[in-house]
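1. Return atomic coordinates for the entry below.
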Amino acid sequence: MSARPREIILLTGVNGQVGHELARSLQGLGEVIQADRALLDLADVERARQVVRDIKPTLIVNPAAYTAVDKAEEERALAMRLNAEAPAMLAEEAARLGAALLHYSTDYVFNGEKTGAYREDDTTDPRNVYGASKLAGERAIAASGCAHLILRTSWVYGTRGKNFLLTMLRLGEQRDRLSVVADQFGAPTWSRTIAELTAYIVAQSRGDSREAQARQQWWQQRSGVYHLCASGATSWHGFAEAIFDDAALPRKPVVDAIPAASYPTPAARPANSRMCLDKLEQVFGLVPPDWRDALKLCVAH
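-> Numbers count the residues shown, from 1 in each chain. This is a model prediction of the structure:
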């Protein structure tokens with residue numbers, strides 16, 4: 001019996017919300033090389049290229065990104081470097097190595113004007129620099145010809161970093177009353193949900209005894225964009241209310257519903273970020289948990 005081909009997984013952004021969870025979820029699926037900024041600084045694209053060539057991964061998992069949505073309006077060049085130029089380089093190197101690239105994108109590639117849930121082939125039209133930079137990364141990966149999956153997610157939160165959950169918990173301890181936007185809708189998605197669904201996909205790619213060439217073909221046949229976020233949807237206001245319902249705070253603050261127009265931000269946000277998950281189920285047999293169920297588990301942690 002031939003030996004199972006060695007899987008070398010290069011994981012970027014291990015100190016981020018999703019990267020931290022992936023470092024745990026991908027264990028056992030290959031040799032996971034956890035790349036923080038000291039090892040792989042994607043802001044220095046050419047130096048990072050050499051690191052990838054030295055490691056020679058068979059799979060690159062790239063959650064690293066510029067995610068400061070409002071700040072990106074002022075730091076367009078840096079956002080483009082990290083969200084477009086760096087993924088383009090990773091895709092080029094994946095193609096050169098015969099590796100696969102698994103990359104994460106965002107609901108912000110859409111303008112939010114559609115009434116129903118967005119499908120993968122719906123027209124993209126980002127409303128801000130962050131969304132434009134992520135869309136440029138998607139297009140560069142597709143143009144490279146490498147075997148790839150682009151997983152669009154939304155409203156990511158977790159127990160570390162900067163996110164809506166932690167902000168609400170902090171403000172809820174400090175204030176008796178909060179105002180939260182109630183006319184923007186999407187699916188709050190726990191970073192662990194993203195990591196665990198990703199691990200299921202990677203496990204499928206390995207099969208029982210799939211040879212390296214067959215594994216590469218598996219990725220190539222499934223290459224494209226997929227929506228991967230929690231099931232269901234709510235508003236930011238509904239998300240905040242759910243957080244305070246689940247959190248063990250000494251007192252629950254009053255959460256007032258306000259329109260987005262009353263809370264102006266440097267970067268415009270889409271009003272509708274709902275995403276259809278049918279393709280994820282059809283291709284990989286995966287049905288994400290409801291956002292409310294995942295939130296309860298996260299808060300319990």
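
2. Kindly list the main-chain dihedrals of residue 290?
-> Residue 290 adopts backbone torsions of phi -60, psi 140, taken as degrees, to the nearest 10.

3. same thing with residue 115?
-> phi -80, psi -30.

4. Give me the neighbour count for it.
-> 6 (other CB atoms under 10 Å). Bear in mind the C-beta positions are built from the backbone N, C-alpha and C, glycine included.

5. In this structure it contacts residue 185, no?
-> No. Residue 115 lies out of contact with residue 185 (CB atoms under 8 Å); the separation is 10.7 Å.

6. which residues are in contact with both of these two?
-> Common neighbours of residue 115 and residue 185, using CB atoms under 8 Å, 6 or more residues apart in numbering, are residue 272.

7. SS state for the residue most central in space within the chain?
-> A centroid search over the chain (CA atoms, centre = their mean) returns residue 104, at 4.3 Å, as the residue closest to the centre. With DSSP: H, G, I helix; E, B strand; the rest coil as the basis, residue 104 sits in strand.

8. Need the pLDDT of it.
-> Residue 104 is assigned a pLDDT of 98 by the prediction.

9. so it bridges to which residues?
-> When assigned by DSSP bridges, residue 104 has beta-bridge partners residue 151.

10. what's the answer for residue 225, then?
-> Beta-bridge partners, per DSSP bridges, of residue 225: residue 150.

11. Can you show me the strands along the stretch 151-300 of the chain?
-> Secondary structure of the stretch 151-300 of the chain (DSSP state E, counting those that start in this stretch): strands at 156-157, 177-181, 185-186, 189-190, 224-227, 234-235, 254-258.

12. of all those, which lies closest to residue 273?
-> Nearest of those to residue 273, taken as CB to CB: strand 185-186 at 3.3 Å.

13. and residue 76, what is it in contact with?
-> By CB under 8 Å, 6+ apart, the residues touching residue 76 are 129, 133.

14. what does the model give it for pLDDT?
-> Reported pLDDT for residue 76: 97.

15. any idea how far residue 273 is from it?
-> 22 Å (CB to CB, to the nearest Å).

16. taking the mean pLDDT, what do you get for stretch 169-184?
-> Confidence over stretch 169-184 (mean pLDDT, whole number) is 95.

17. follow-up on the earlier one: mind checking which of the strands of the stretch 151-300 of the chain is nearest residue 56?
-> That would be strand 224-227 among the strands of the stretch 151-300 of the chain, by CB to CB, at 25.0 Å.
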